[in-house]
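Peer 1: okay, here's the prediction I keep looking at, along with the sequence it came from:
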Amino acid sequence: MHIPDGYLSPATCATMYGASAPFWYAALARMKRTLHTQTTPLLAVFSALSFIVMMFNLPLPGGTTGHAVGVATAAIVLGPWGAILSISMALVIQALLFGDGGITAIGANCFNMAIAGALVAYAVYRLISGRSAIAAHRRVIAAGAAGYIAINVSALLAAIEFGLQPMLFHDAMGAPLYAPYPLHIAIPAMMIGHLTIAGLAETVLAAGVVAYLQKADPELLEATAPAAARSRVTEAGATWRRTRPLWVSLGVLLALTPVGIVTAGSAWGEWSPADFSNETGRRQIARASGRVEPPAAVPHGLRRLSDVWTSPMPRYSAPFLRSPAFGYLLSAMTGAGLIILASVFFSWLQRRARDGAGGVP
Amino acid sequence: MADAVFELKQVRYRYRDVIALDDLNLRVEEGSRTALLGANGSGKSTLLRILDALYFADTGSVRFRGRELDERAFESDEFAFDFRRRVGLVFQSPDVQLFNPTVFDELAFGPLQLRWPRDEIVDRVESVMERFEIAHLRDRPPHRLSGGEKKRVAVASVLVLDPEVLLLDEPTAALDPRSESQIINLLASLGDGKRTIVIATHDLNLAFDIADRCVLLDRGRLAATGDPREIVRDTELLGRVNLIHEHLHRHASGIVHSHPHRHPHEH
Amino acid sequence: MSRTSAGFAERSIHSLLDAVDYAAQAEKRAESAGLLQGMDARLKLAGVLLVIIAVVASRALVPIAAVLGASILLAIGSGIRVRAIATAVWVPALLFTGVIALPSVFLVQHGARSAAFLLSRSVTCATLSALLVFSTPWPALLKGLRALRVPAIAVTILGMTYRYLFSILDVARDMLESRRSRTVGILTGGEERRMAAAAAGVLLSRSVLLSREVHFAMLSRGFRGDAFTLENRPILSHDWLYFAGFAVAAASVFWFGR
């Protein structure tokens, strides 16, 4: 997900740097205020650690491997501000030293992964873990969910940044200057990989590390658990009835993700081939495209793509509901379903590990 | 009697569930070379950190040249800078001590923190590098230094401030014999009467070679103080505090020997 | 991306070793003699950055290609083997961006031209970055960031991060190697995941411990929370000359690519 140079226009890059800068400064100020002299070595060591974790080849259910960013783990141990800084530093080193990610894109990469990722991971973790004890089963689920959602939010943001490029930046001949795919291609392309492999990798890492720390070094989990019941008794696996209100809140959170897309003005580019052939459609397109007449024939690629996406979710929406916002909402709900499935899977794994092996790995 | 550089009275320090130091009384005189002897866990590292004001005693009094070392004293920049310049601690692990990107940066760190003028820093660093024969390593990052080089740089980075008190935590641990003797020679050469040296170690040879006084710690308490020559020979005492052990070995002839394992050192 | 028979530990060890290798190579190249190596890091960083921005902003393909050509010449003049750049930069960039750009030829109007932009830009920028990094030791590069008004505390933390990267890499490798040698037979997915999580957890605990110790070492030498850097190399006249060269190149690209 590290965006290289050349995929984003200078304007986009500058915007993303501008968006990231206040968070960097705020995070630094906050860390210095709370930790004073400890901040410097703690952040340095942690960003070195996240850099290394990004190189771990995690085995995933299904027999594949994936890489995680470690943003949820950082957010859970360091808190959101520490995570913002340490992941940003790791990304800077990757870009500058190892050429992984572009220099002009550092602002965008940090915003997507370090800033949005850390804040979302922290919010989800706190939301789900609530007041449960440090050693509670619920925290492991919370961590897994935090990782999954955070990485997908990061991917979604990156996809939006890509998807907006062809709309906004093209040369005299009309060729896209930067990332060439509009939103309705960029988003599924990015999200598929992250909703599955990368997302699972992040889930595995976050849930696994929290489960490990609960036994080996619970003190490290205390920074983000101010209200936790400090009891030594391990909570039994949470039942659905108890956690339902949390899932509802989670659902609300997910429902809000399409808002970002809608406000980006995604109406442009979301036309169907039919829009190109009828008069009202053509006039609409022309008006939205600065009075440039759309080509007389449906662009070949667009028609092909439309066919591809006719099933299962025709451009994210059922045929009778052409509203893009609703379509994205549906995708988000599907994502939520996957999260729930993943969490169930993990709690099953945990239970099996506890009953079967009966001890620390 | 020389001035007291450090005076500790009934110092108690607790770390998590462990009482690391208990009812400790100690007096370190100016120009003296003290060896803090003790097994692992005896509290000697903790004591060094108390002396370097990295830990503050829970109860009791810790004074440096008459000034009480507590958190409040260190709120003042002026006092903190003065203390940090006058007392230096060489940590056991060079990986912890060498945290700057290059050797030059490492040596310059202390003076920079103390806000010395730029030219003075450069001059001082150059001369220290000459003295320690590490000038050729100036742009080297720490992970590309050998164990002996790391130790030399670590010691140099503390001595660049010319402290009047030098604290060392296990200075010869994990060093090969050649580097070990280099460090011992270095420490011996630092004795010009004005500098006070305190070394925490479990190496009896080092204590014997360098120190003019031994302080023996056992589980956070003071077990004995005295002349190194006496302490080192008191096998019963040393056995009690776990500094030596009974060593069983079999000779080729089949005879089995058992005796306290230490290396008597002749000058 | 299917799992080979090599376990998680083995694969991760390889990645870690590659990273260390790469960094070691970069360090060696940066210390050898050459055109770029002789230039002051601050001006070099600013100059290369200007050209990168110009390349990203260009709306024409020819200026981008020209910069790529000039970069190759600079590399040769600095004793950086073109093959090194090819393997480290071009192959990954072409693979990665190629995969992304190829479908656009079919799916997007003017797709071929767009793909050309994407490819040429990402390859050229990656080449420029590589030149910068291959010809500058990391500590000097960091100090160059100070000249760009990056806060001292950030530069200090980055410097420490680099330094501790190697410490933690060593610890990680030792840990993984010992686990690898202790596990007999193939582990199940679940077992491997637990091992991976435990490895990450152990590294985490030790990293926090390390940071606490380093914190004490810093305090002991007078650290009060402020960071300072010391630049001990003056800027010479030939440095300004080089910088002017970069500035002119950037300006030309801006002009011809507008």
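Peer 2: Yep, it's here. Numbers count the residues shown, from 1 in each chain, chains lettered A, B, ... in the order given.
Peer 1: which residues touch the nearest residue to residue B:135 once chain neighbours are set aside?
Peer 2: Nearest non-adjacent residue to residue B:135, counting by Cβ to Cβ, 6 or more residues apart in numbering or on different chains: residue B:129, 4.2 Å away. Where C-beta positions appear, they are placed from N, C-alpha and C, glycine not excepted. Contacts of residue B:129 were listed using Cβ atoms under 8 Å, 6 or more residues apart in numbering or on different chains, and they are B:103-104, B:107, B:135, B:137-138, B:156.
Peer 1: buried among those residues? Make that a PyMOL selection.
Peer 2: Remark: buried members of the contacts of residue B:129, expressed as a PyMOL selection using 16 or more other Cβ atoms under 10 Å in any protein chain shown:
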select buried, chain B and resi 103+104+107+137+138+156
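Peer 1: reformat the contacts of residue B:129 as a markdown table; add distance to residue B:168 and pLDDT.
Peer 2: Below are those laid out as a markdown table (distance: Cβ to Cβ, whole Å; pLDDT from 0 to 100):
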| residue | distance to residue B:168 | pLDDT |
| --- | --- | --- |
| B:103 | 20 | 94 |
| B:104 | 23 | 94 |
| B:107 | 18 | 96 |
| B:135 | 23 | 92 |
| B:137 | 21 | 93 |
| B:138 | 24 | 90 |
| B:156 | 13 | 94 |
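Peer 1: JSON lines for the contacts of residue B:129, including distance to residue B:50 and secondary structure?
Peer 2: Converted to JSON lines, those look like this (distance: Cβ to Cβ, whole Å; DSSP: H, G, I helix; E, B strand; the rest coil):
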{"residue": "B:103", "distance to residue B:50": "30", "secondary structure": "helix"}
{"residue": "B:104", "distance to residue B:50": "32", "secondary structure": "helix"}
{"residue": "B:107", "distance to residue B:50": "26", "secondary structure": "helix"}
{"residue": "B:135", "distance to residue B:50": "35", "secondary structure": "helix"}
{"residue": "B:137", "distance to residue B:50": "33", "secondary structure": "helix"}
{"residue": "B:138", "distance to residue B:50": "34", "secondary structure": "coil"}
{"residue": "B:156", "distance to residue B:50": "25", "secondary structure": "helix"}
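Peer 1: low pLDDT regions in the stretch 1-150 of chain A?
Peer 2: For the stretch 1-150 of chain A, the stretches flagged by pLDDT under 70 are A:62-63.
Peer 1: the residue in it that chain C sits nearest to - nearest residue in space that isn't next to it in sequence?
Peer 2: Relative to chain C, the nearest point of the stretch 1-150 of chain A is residue A:6 (3.0 Å; Cβ to the nearest Cβ). Once flanking residues are discounted, residue A:6 sits nearest to residue C:121: 3.0 Å by Cβ to Cβ, 6+ apart.
Peer 1: quick one: secondary structure of the one you found?
Peer 2: Under DSSP: H, G, I helix; E, B strand; the rest coil, the three-state class of residue C:121 is helix.
Peer 1: how about residue A:14?
Peer 2: Residue A:14 is classified as helix under three-state DSSP.
Peer 1: the closest residue to it other than its chain neighbours: what's it in contact with?
Peer 2: Closest residue to residue A:14 apart from its sequence neighbours, by Cβ to Cβ, 6+ apart: residue A:107 at 7.7 Å. Taking Cβ under 8 Å, 6+ apart, we find residue A:107 in contact with A:13-21.
Peer 1: just the strands in the chain please.
Peer 2: No chain specified, so I'll use chain A. With DSSP state E, the ranges of strands along chain A come out as A:58-59, A:65-66.
Peer 1: not what I meant, chain B
Peer 2: In chain B, the segments counted as strands under DSSP E are B:4-15, B:18-29, B:33-37, B:59-64, B:67-68, B:87-90, B:165-169, B:196-201, B:213-218, B:221-226, B:246-250, B:256-260.
Peer 1: the residue of the stretch 1-150 of chain A closest to chain C: neighbour count?
Peer 2: 28 (other Cβ atoms under 10 Å in any protein chain shown).
Peer 1: try residue B:109
Peer 2: Residues near residue B:109, counting by other Cβ under 10 Å, number 26.
Peer 1: would you point out which residue of the stretch 51-200 of chain B is nearest chain A?
Peer 2: Nearest to chain A in the stretch 51-200 of chain B, going by Cβ to the nearest Cβ, is residue B:99, at a distance of 7.0 Å.
Peer 1: that residue against residue C:215, yeah?
Peer 2: No - using Cβ atoms under 8 Å, residue B:99 is not in contact with residue C:215, being 9.6 Å away.
Peer 1: name the nearest residue to residue C:30, ignoring sequence neighbours.
Peer 2: Once flanking residues are discounted, residue C:30 sits nearest to residue C:137: 4.6 Å by Cβ to Cβ, 6+ apart.
Peer 1: contacting residues for the one you found?
Peer 2: Counted by Cβ under 8 Å, 6+ apart, residue C:137 has contacts B:139, C:27, C:30-31, C:41.
Peer 1: neighbours of whichever residue of the stretch 151-258 of chain C sits closest to chain A, how many?
Peer 2: Closest to chain A within the stretch 151-258 of chain C is residue C:197: 2.4 Å, counting by Cβ to the nearest Cβ. Residues lying near residue C:197 (other Cβ under 10 Å) number 24.
Peer 1: please name the nearest non-neighbouring residue to it.
Peer 2: According to Cβ to Cβ, 6+ apart, the nearest residue to residue C:197 is residue A:208 (2.4 Å).
Peer 1: and chain B, which residues reach chain C?
Peer 2: Proximity of chain B to chain C (Cβ under 8 Å from any Cβ of the partner chain) is limited to residues B:49, B:52, B:54, B:77, B:80-81, B:84-85, B:88-89, B:91, B:93, B:95-102, B:104-105, B:108-110, B:112-114, B:118, B:121-122, B:139, B:141-144, B:157-158, B:161.
Peer 1: of those residues, select the buried ones using a PyMOL command.
Peer 2: Command for PyMOL that selects the buried part of those, burial taken from 16+ other Cβ under 10 Å:
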select buried, chain B and resi 49+52+80+84+85+88+89+91+93+95+96+97+98+99+100+101+102+104+105+108+109+110+112+113+114+121+122+141+142+143+157+158+161
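Peer 1: so which of the residues of chain B next to chain C belong to helices?
Peer 2: Among those, the residues falling in helices (DSSP state H) are B:49, B:77, B:80-81, B:84-85, B:95-97, B:104-105, B:108-110, B:112-113, B:118, B:121-122, B:157-158.
Peer 1: tell me who's in contact with residue C:142.
Peer 2: Counting by Cβ under 8 Å, 6+ apart, residue C:142 has contacts B:101, C:155, C:158-159, C:162, C:229.
Peer 1: ok, residue C:231 next?
Peer 2: Neighbours of residue C:231 in contact, by Cβ under 8 Å, 6+ apart: C:42, C:143, C:146.
Peer 1: out of those residues, which is nearest to chain B?
Peer 2: residue C:143 (9.0 Å).
Peer 1: where does the closest one fall, secondary structure wise?
Peer 2: Assigning secondary structure by DSSP states H and E places residue C:143 in helix C:138-147.
Peer 1: put the alpha carbons of the helix or strand hosting residue C:95 into PDB.
Peer 2: Element membership of residue C:95, judged by DSSP H and E, is helix C:91-107. Taking C-alpha atoms only, helix C:91-107 is exported to PDB below (Å, rounded to 0.1, in the frame of the first residue of the first chain):
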ATOM      1  CA  VAL C  91      13.100  -4.000 -11.800                       C
ATOM      2  CA  PRO C  92      10.800  -3.600  -8.800                       C
ATOM      3  CA  ALA C  93       9.400  -0.300 -10.200                       C
ATOM      4  CA  LEU C  94       8.700  -1.800 -13.500                       C
ATOM      5  CA  LEU C  95       7.100  -4.900 -12.000                       C
ATOM      6  CA  PHE C  96       5.000  -3.100  -9.600                       C
ATOM      7  CA  THR C  97       4.000  -0.200 -11.700                       C
ATOM      8  CA  GLY C  98       3.900  -2.300 -14.900                       C
ATOM      9  CA  VAL C  99       1.300  -4.600 -13.400                       C
ATOM     10  CA  ILE C 100      -0.800  -1.600 -12.400                       C
ATOM     11  CA  ALA C 101      -0.300   0.300 -15.600                       C
ATOM     12  CA  LEU C 102      -0.900  -2.500 -18.100                       C
ATOM     13  CA  PRO C 103      -4.700  -2.900 -17.700                       C
ATOM     14  CA  SER C 104      -5.100   0.800 -18.100                       C
ATOM     15  CA  VAL C 105      -4.100   0.500 -21.700                       C
ATOM     16  CA  PHE C 106      -7.300  -1.400 -22.300                       C
ATOM     17  CA  LEU C 107      -9.600   0.100 -19.700                       C
END
